[in-house]
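1. Sequence plus the predicted model coming up.
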Amino acid sequence: LGRRGQRAVGLDLSQPLLGAARGRLRPGLALVRGDMRQLPFRTGCFDGALSMFTSFGYFRDDEENWQVLAELARVLRPGGWLFFDFLNRRHLEQQLVRRGQRQSRAWVAEEERAIEGDRIVKRVTLRPRTGAGEPLHYEESVRLFSPAELSAGLAGLSFGECGRWGDYHGRPFAPETSPRLILLLERAGATP
């Protein structure tokens, strides 16, 4: 967005991640610390919003997950757009890589993934490369919404679907084989 001369605001709850991103900002771009369930912006102040790389579905309570999208609807002007990117559950079930490992200069990350009910869970163990120090453990869990659930929920928040794709190359969405569900949505009517 910055390279295209657009004014944009990024939001994250993590102060360390915001700090790391600040060094790469272009003029006209800003970063704000906040909770996506209660966006720190006034109603109808944005022309568009991006929710990419599965930044939705992290809350255990579905009401909190839907509150994220309700907040996006609130801060978008009528006619504003939402570019929404999410996992395609069917593809994930068929192509899930259950174990993997990544390395950095300081750490080796061992990852285990499983579908547990309606969630994809990733358990990560970080081990220092030097062998000194205790390993760190953490877990990520994302609710796996079906395309029908997402479409119905978004329509209930005054979003109309303008486009649907199955990957970052713009291929059409195919329920069995597309790795992603990418939606372009327009907010209709008055502010919810």
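-> That came through fine. Since the model is a prediction, treat every value here as computed from it, not as a measurement. Numbering: from 1, shown residues only.
2. can we go C-alpha only for contacts and neighbour counts from here?
-> OK.
3. Who are the contact partners of the nearest residue in space to R123 that is not next to it in sequence?
-> Leaving aside its sequence neighbours, R123 sits nearest to E139 (Cα to Cα, 6 or more residues apart in numbering; 4.5 Å). Applying Cα atoms under 8 Å, 6 or more residues apart in numbering to E139 gives the contacts V121, K122, R123, V124.
4. and with 10 Å instead?
-> E111, E112, R113, V121, K122, R123, V124, T125 (Cα atoms under 10 Å, 6 or more residues apart in numbering).
5. Give the buried residues for stretch 47-63.
-> For stretch 47-63, the neighbour count (16 or more other Cα atoms under 10 Å) marks G48, A49, S51, F56, G57, Y58 as buried.
6. repeat for stretch 84-101
-> Going by neighbour count (16+ other Cα under 10 Å), the buried part of stretch 84-101 is F84, D85, F86, L87, N88, R89, R90, H91, L92.
7. if I read this right, the fifth one contacts A148, doesn't it?
-> Meaning N88. No. Between N88 and A148 there is no contact under Cα atoms under 10 Å: 11.2 Å.
8. Name the helix or strand for the residue positioned nearest the centre of the chain, please.
-> Centroid-nearest residue in the chain, with Cα atoms, centre = their mean: S55, separated by 1.5 Å. S55 is part of no helix or strand when elements are defined by DSSP states H and E.
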